[in-house]
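Peer 1: Structure of the sequence below:
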Amino acid sequence: MKAAAPIDPITVSVIQASLIAAADEMFAVLNKTAMSPIIYEVLDVGTGITDAHGELVSSGAGIPTFVGVLDKAVKRIIELNGLDTIREGDCFVSNDPYYGGVTHLNDVVIALPVFSGGELVAWSASIAHWNDIGGKTPGSMAVDVTEIFQEGLRLPAVRLFDKGVPLRSVFDIIMANSRLPDFVQGDLWAQVAASRKAESRIRLLVESYGAGAYRVALADLFAEGERRGLAGLAELPDGTYEIDETQDDGALWHASITVAKDRFTVDLRGNPKQRDAPYNTSRDGAVISAQMIFKALTDPTLFANAGSFRALEVITEPGTIFHATGTAPHGYYFETRIRLYDMLWQCMAKALPKRLPAGHFASICGTVIAGNHPDTGRRFTMVEPQMGGWGATATRDGLDAMYSASHGETFNCPVEICEARYGLDVGYKRLRESAEGAGLHAGGKGLQTSYRLRAPAILSAGYSRAKQPVWGSNEGKPGGLNGLSVAHVEGRTERLTFASGVRLELGDEILIETANGGGWGSVPD
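Peer 2: As a prediction, the model looks like this:
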């Protein structure tokens, strides 16, 4: 038998670049076709492509923690359904952290298997925050829940299309369980369109270069990711680094990181038991926090793929807040995950103070306002993460008014869009003038924002770092606290951290302050 001709490196590079471009094109389609500002303005989404078995190949822009969801979601879909049952034209939907959703019920994954010549060659997947998925409170982010059943509709990695035919009953169930069915339907179809765009690109790629060349390109891509990860790991100082950190609720969290030449081990055993409250994360969620710190330390320049994390090991303990089991709720998982990521960052910053910046405001500061538009009467749900200050480094001051490190390449909703779509008055959005975060280099400034109600509404919010301040580095000063308060029209002021179902009246004002970043180095005399 004649041996197959070797694949030249230029062809391999073209295929790899095309897969990256396909994931970026998915992101552009989703951005341009979604109905909700949280998607098309804030870009609270992630897009990616995996191989046939769910190993991450490439990703578009968006939220780093969302990109980390997609390979895990696809693997769970395969595990639950079996590769032998998956057919061309199928499409799956999942939002449940116990069925590959990883985050909370608002974040919905759409995953589409890609076939070429009858062979499954890839999956195109996206995740996006939907404004309402049912549950106790508008916006589906209640704090007074004890089980996931109370948080909204669960979609356990089920078929949405069967051999290209939409399963109307599944669509109907989704629409009937949302307070905003038109927005949900529009955002769902935007995700389907994004997956179909990537599907066409991948199929054309395989048909143009051949399945053999395609597989060689993937193997080379994973090997390069692993090589770069190991090379970066070899530059880190060997040893075990530990941290204990007290949280706003008084709980003590612990982590240890062991660095060796071929292994980066994050040990999260011995942490608090999972809670009958929406502050848990799945094991996959904890893994994503570890993946982010590992990637930042070892190879921050190349996009992530499955090979990037082969040297990473994460140890969790089932039944804890970092590995919730059973029916524990997950509504505010993002605050637990970002607190974990920030703690791991602080752990390594103590070991590498000249390389890593001080702490940043490190909260999503999620603010959800739901009601009826005062001019049109149309129902709306505003979902708005907030921006804050980033930590100073050994060479410069911190950056002002950035999204959290978990948010990546996202944006704030413009004032004009907010006022037009939600019927709120944005009184101001300005930098927070504060001396907190002082140091040889000062932390970046947080924000002050005012929302004024033109009609009654319901508020939900989740703010951490509201009691324990942002940490400084190398004797730099702390950066302060995040906070939200409501100035009621009758004169009463209410300070909130985690709350839902808060009734707002015409004339009430929501006042938001986010923390400055931590300072780096001692304050000059």
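Peer 1: For the helix or strand of the chain with the lowest mean pLDDT, C-alpha coordinates in CSV please.
Peer 2: Every helix and strand of the chain was ranked by mean pLDDT, DSSP states H and E. The lowest is strand 56-62, at a mean of 85. Taking only C-alpha atoms (Å, rounded to 0.1, in the frame of the first residue of the first chain), the coordinates of strand 56-62 have been written out as CSV:
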residue,chain,number,x,y,z
LEU,A,56,-11.7,22.5,22.5
VAL,A,57,-10.3,23.6,19.1
SER,A,58,-10.9,27.3,18.9
SER,A,59,-12.9,30.1,20.4
GLY,A,60,-14.3,33.5,19.4
ALA,A,61,-14.2,36.6,21.5
GLY,A,62,-16.4,37.0,24.6
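Peer 1: What's the first helix or strand after that strand?
Peer 2: The helix or strand immediately downstream of strand 56-62 is helix 64-81, counting by DSSP states H and E.
Peer 1: in that next one, what counts as buried?
Peer 2: Within helix 64-81, the residues that count as buried by 16 or more other CB atoms under 10 Å are 64-78. Any C-beta I mention is one placed from the backbone N, CA and C, and that applies to glycine too.
Peer 1: Counting by contacts, list what it packs against.
Peer 2: strand 45-51, strand 56-62, strand 91-94, strand 107-116, strand 119-129, helix 283-298 (3 or more CB pairs under 8 Å, 6 or more residues apart in numbering; DSSP states H and E).
Peer 1: what's the angle between the second one and strand 45-51?
Peer 2: Between strand 56-62 and strand 45-51, the angle comes out at 170 degrees (axes from the mean of the first three to the mean of the last three CA atoms, to 10 degrees).
Peer 1: name the element the closest residue to residue 33 other than its chain neighbours belongs to?
Peer 2: Leaving aside its sequence neighbours, residue 33 sits nearest to residue 190 (CB to CB, 6 or more residues apart in numbering; 4.1 Å). Assigned by DSSP H and E, residue 190 belongs to helix 181-209.
Peer 1: outside of the helix or strand just after that helix, which residues touch it?
Peer 2: As assigned by DSSP H and E, the chain's next helix or strand after helix 181-209 is helix 211-234. Contacting residues not belonging to helix 211-234 are listed as 4, 7, 11-12, 15-16, 19, 51, 55, 57, 116-117, 119, 121, 205-206, 259, 261-264, 294-295, 297-299, 302, 304-312 [CB atoms under 8 Å, 6 or more residues apart in numbering].
Peer 1: quick one: buried residues of helix 211-234?
Peer 2: Here helix 211-234 shows 213-218, 220-222, 224-226, 228-230, 232-233 as buried, counting by 16+ other CB under 10 Å.
Peer 1: do the same with stretch 169-180
Peer 2: 170, 171, 174, 177, 178, 179, 180.
Peer 1: again, but for stretch 246-253
Peer 2: Counting neighbours by 16+ other CB under 10 Å, stretch 246-253 gives 247, 248, 253 as buried.
Peer 1: my guess is residue 55 contacts residue 306, does it?
Peer 2: Yes. Using CB atoms under 8 Å, residue 55 is in contact with residue 306, at 3.8 Å.
Peer 1: what touches both of the two?
Peer 2: 71, 222.
Peer 1: where exactly do the helices run in this protein?
Peer 2: Ranges of helices in the chain, per DSSP state H, are 9-33, 37-40, 64-81, 168-176, 181-209, 211-234, 283-298, 333-351, 415-422.
Peer 1: just to revisit the earlier point, what are the contacting residues of the least confident helix or strand of the chain?
Peer 2: 16, 19-20, 22-28, 43-51, 67, 70-71, 122, 218, 221, 303-306, 408-410.
Peer 1: okay, the angle between it and helix 211-234?
Peer 2: Using the same axes, to 10 degrees: strand 56-62 against helix 211-234 is 70 degrees.
Peer 1: Which positions in strand 56-62 come out as buried?
Peer 2: 56, 57, 58, 59, 60, 61, 62.
Peer 1: Would you quantify the distance from the third one to residue 144?
Peer 2: Using CB to CB, to the nearest Å, one obtains 41 Å as the distance from residue 58 to residue 144.
Peer 1: Check residue 185 too.
Peer 2: For residue 185, the distance to residue 144 - CB to CB - is 29 Å.
Peer 1: Residue 173 now?
Peer 2: 25 Å.
Peer 1: Kindly report the same for residue 19.
Peer 2: From residue 19 across to residue 144, the span is 44 Å (CB to CB).
Peer 1: Who has more neighbours out of these two?
Peer 2: For residue 19 versus residue 144, neighbours defined as other CB atoms under 10 Å are more numerous around residue 19 (25 against 13).
Peer 1: Residue 197 and residue 27 touch, don't they?
Peer 2: No. Shown here, residue 197 and residue 27 do not form a contact pair, counting by CB under 8 Å, at 10.0 Å.
Peer 1: Looking at the two, which is more packed in?
Peer 2: Neighbours per residue, other CB under 10 Å: of residue 197 and residue 27, the larger number sits with residue 27, 24 against 20.
Peer 1: Low-confidence stretches in this structure?
Peer 2: Applying pLDDT under 70 to the chain flags residues 1-6.
Peer 1: and if we set it to 80?
Peer 2: Scanning the chain for pLDDT under 80 picks out 1-7, 61-62, 302, 407-410, 524-525.
Peer 1: Domain map for it?
Peer 2: Residue ranges for the domains of the chain, per automatic domain parsing: 9-225, 356-525.
Peer 1: Just tell me which of those domains ends up closest to residue 268.
Peer 2: Closest to residue 268 of the domains of the chain, according to CB to CB: domain 9-225, at 16.1 Å.
Peer 1: re the thing from before, by contact count, what packs against the helix holding residue 190?
Peer 2: So helix 181-209, by 3+ CB pairs under 8 Å, 6+ apart, packs with helix 9-33, strand 45-51, strand 91-94, strand 107-116, strand 119-129, helix 168-176.
Peer 1: between it and strand 56-62, how many degrees?
Peer 2: Going by the same axes, to 10 degrees, helix 181-209 is angled at 130 degrees with respect to strand 56-62.
Peer 1: ok, back up a step: could the buried residues of strand 56-62 be laid out in a markdown table, adding distance to residue 455?
Peer 2: A markdown table is the format used below for the buried residues of strand 56-62 (distance: CB to CB, whole Å):
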| residue | distance to residue 455 |
| --- | --- |
| 56 | 44 |
| 57 | 47 |
| 58 | 44 |
| 59 | 40 |
| 60 | 37 |
| 61 | 35 |
| 62 | 32 |
